[in-house]
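Asker: Pasted the sequence and its predicted model underneath.
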Amino acid sequence: MDSLNSLLDGFGTALTPVNLLWAAIGVLLGTAIGVLPGIGPAMAVALLLPVTYGLEPTGAFIMFAGIYYGAMFGGSTTSILLNTPGESAAVVAAIEGNPMAKAGRGAQALAAAAVGHFAGGMIGTILLVALAPTVASLAVDIGAPDYFAIMVLAFIAVTSVLGSSRVRGAASLLIGLTIGLVGLDQMTGQQRLTFGSLQLADGIDVVIVAVGLFAIGEALWVAAHLRRGVSEPIPVGRPWLGRADVRRSWKSWLRGPVIGFPFGAVPAGGAEIPTFLSYVTEKRLSKHKEEFGKGAIEGVAGPESAASASAAGTLVSMLTLGLPTTAVAAVMLAAFQQYGIQPGPLLFEREPDLVWGLIASLFVGMVLLLLLNLPLAPLWAKLLRVPRPYLYAGILFFAAVGAYAVGGEALDLVILLVIGLIGFGMRRYGLPVLPAVIGVILGPAAEQQLRRALQISDGSAAGLVDTPFSVTVYAVVVVLLAWPWLKKAVTRGRRNVSA
Amino acid sequence: MTTGTRTPAEARTPRSWLREHSEIGVGVLLLLLGVLVLTDALTMDVDLTQRGPVGPRTVPVVVGTGLLLVAVLLAVDVLRGGRGEAEGGEDIDLSEPSDWRTVLLLAGVFLAHAVLIGPLGFPVSGALLFWGSAYALGSRHYDRDPLIAAGLSLATYFVFDNLLGVPLPGGPLMEVL
């Protein structure tokens, strides 16, 4: 098998001592940052991006893979021990994990989560190995109109599926698209929204937007509402599982990826929906239904496994189509662009060492995660006690380092602050952040594909819908847009008041 | 933030009406942004550079129009009682009003860092950023805070500049050492 050989080559790359070291550092840093309260995986990845700037691409992405998985596991630790999920995907882990921790079974909850991440990540990455080359070879044939259609789907999906208000999602997306417009037009070199500034002519770096919206925005928002008297984390020993726990969990670990992986691969996936679906499934299938809500181990094992597998699914569309479906993938795509590498169908042909090294290091990263994090869990739990002023001052500090490292310009710090203030306002008024980040990253690419497609069709709009693929995608877009009305038609009689 | 206990609109003064509907301001900002994008697009000189049927103007016009549309829809939604839900979180207490003093102090400290990083270099400016931020956030350990700030800033400088190969300005302090 072709991809199996490539994968073996990838292991050759990933298992060199230097790259193994980067993977281990990535896992440790990712967990350490992800455990800190208030920091989800997306912010952890954005904050740690500058750490990889000095490395060559392969080493950088191997470290990145470690950071990603480490940050996800770190987020679950916070959920379980503090009952305070750092991001929406970790909400489910708190539902069952925190009652377990309160009942003195925190060690088991952490172990179930860690093994869940391991199992989900392993199965998800195996599916990635099996599927990605096929998807990539199919995607080679798709043209500009198809790409544009997929990007429209991504825009519509992030604004209407996630979050509670479509208007606010659309507002966020448009803010992102506007930021993406700043700079020279890619095709004609025309200045747009630069107001004569030379520095703005280069455009606003995606990393600055991501760090500004996630890190600075979050730090300012928390600063405005800092809780006096912080909730106490529950102390925990070394995680372990008894035989009865394993007997209850192993099926959940295996079921999670089935739900998680497909949702990760489609736009508007992310881990939010699959973790919840997995939780509901586990509850329905469990023999211990009465324990749910009071600390059922299946309710930790299944969703955590689903979350990890959905991260692997995310990588399928990120690597083969260049399409980020979650905030973390969006930041990763920005990292690829930093190295002048464009993910897409040709990535597997042009950069086989990089891609397969990255995929192999996902396996390595997961083994390291299990080996390092189980023994270190009590130490991670201590990080939950960092005084809040230091924590948020540290976020601002490292955000400033990251933004400055992008181009060595002090002006970037001012732009970072302005974007951070936008992020603050968005949090205040309930505008979701993800559509803006997707807009900044995909906006310029979508414009290019649109113009290319219309150039081929000589300006006729029919050129956008002349392939079966693009027609199918637009049909999905229409269903998504019409969904509230469709739902109303189905559940007639119940008035929906939410806007 | 949506709460179920709102008194009827007639019973309130214009000022509290404004506070209640401050989200309209978001609509106004979006409207201004839309006008800005449209103006920039329409004043663009495209005759010479246009290649292909879609020039550099089209997408900005679409985005600008979209902004105007969303601004209106958002304002309508707010007037009909819709509210964007403020984001909750681990360390967030939404029952208290926003603490603007802290936010402004933090923004000021951050701006000072942007100005000082050139002349003072990263180690000094970064330490001031950390200490200033911690102070703004309520830390008052005058013995411990500056030490942590200086240690963190110096360590970061050495790790990035020497180990990771990401250049940061050393400033006069590093020239002396």
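Answerer: Arrived safely, thanks for sending.
Asker: State which one residue of chain A is found closest to chain B.
Answerer: When scored by CB to the nearest CB, chain A has A:Gly430 as its residue closest to chain B, at 2.5 Å. Every C-beta, even on glycine, is put in place using the N, C-alpha and C of the backbone.
Asker: Just give the nearest non-adjacent residue to A:Asp202, would you?
Answerer: A:Gly183 (6.1 Å; CB to CB, 6 or more residues apart in numbering or on different chains).
Asker: Pull the number of nearby residues for the one you found.
Answerer: 18 (other CB atoms under 10 Å in any protein chain shown).
Asker: ok, now which ones touch residue 28?
Answerer: Unless you meant another one, I'm taking chain A. By CB atoms under 8 Å, 6 or more residues apart in numbering or on different chains, the contact list for A:Leu28 reads A:Gly66, A:Gly70, A:Leu372.
Asker: if you could check chain B rather than the one you did, that'd help
Answerer: So, once contact is read as CB under 8 Å, 6+ apart, B:Val28 ends up touching B:Ala71.
Asker: In terms of helices and strands, where is it?
Answerer: For B:Val28, the element it lies in under DSSP states H and E is helix B:24-42.
Asker: list the buried ones in that helix?
Answerer: B:Val26, B:Gly27, B:Leu29, B:Leu30, B:Leu31, B:Leu33, B:Gly34, B:Val37, B:Leu38, B:Asp40, B:Ala41 (16 or more other CB atoms under 10 Å in any protein chain shown).
Asker: Could you do stretch A:404-418 as well?
Answerer: Neighbour-count burial for stretch A:404-418 [16+ other CB under 10 Å]: A:Tyr404, A:Ala405, A:Val406, A:Glu409, A:Ala410, A:Asp412, A:Leu413, A:Ile415, A:Leu416, A:Leu417.
Asker: and the helix holding B:Val28, how far from the chain's centre?
Answerer: 18 Å (CA atoms, centre = their mean, to the nearest Å).
Asker: angle of the helix or strand following it against helix B:24-42?
Answerer: Scanning forward in sequence from helix B:24-42 by DSSP H and E, the next helix or strand is helix B:58-79. Taking axes from the mean of the first three to the mean of the last three CA atoms, to 10 degrees, one finds that helix B:58-79 is oriented at 160 degrees with respect to helix B:24-42.
Asker: Remind me what helix B:58-79 packs against, helices and strands.
Answerer: Applying 3 or more CB pairs under 8 Å, 6 or more residues apart in numbering or on different chains; DSSP states H and E, one finds that helix B:58-79 makes contact with helix A:166-181, helix A:434-456, helix B:24-42.
Asker: could you give the angle of that helix to helix A:434-456?
Answerer: Going by the same axes, to 10 degrees, helix B:58-79 makes 140 degrees with helix A:434-456.
Asker: what about the closest residue to chain A within chain B, which SS state?
Answerer: Using CB to the nearest CB, the closest approach of chain B to chain A is made by B:Gly84 at 2.5 Å. Three-state assignment for B:Gly84 (DSSP: H, G, I helix; E, B strand; the rest coil): coil.
Asker: ok, the closest residue to it other than its chain neighbours - contacts?
Answerer: Of all residues not flanking B:Gly84 in the chain, A:Gly430 sits nearest, at 2.5 Å (CB to CB, 6+ apart). By CB under 8 Å, 6+ apart, the residues touching A:Gly430 are A:Ser164, A:Ser165, A:Arg168, B:Arg83, B:Gly84, B:Glu85, B:Ala86, B:Glu87.
Asker: quick check, nearest of the residues you listed to A:Phe261?
Answerer: Nearest to A:Phe261 among the contacts of A:Gly430, counting by CB to CB, is A:Ser164 at 26.1 Å.
Asker: quick one: contacts of the stretch of helix or strand B:Leu105 belongs to?
Answerer: Per DSSP H and E, B:Leu105 falls inside helix B:100-120. With CB under 8 Å, 6+ apart as the test, helix B:100-120 has contacts from A:216, A:219-220, A:223-224, A:226, A:396, A:400, A:404, A:410-411, A:413-414, A:417, A:420-421, A:424, B:124-126, B:128-129, B:132-133, B:135-138, B:169, B:171-173.
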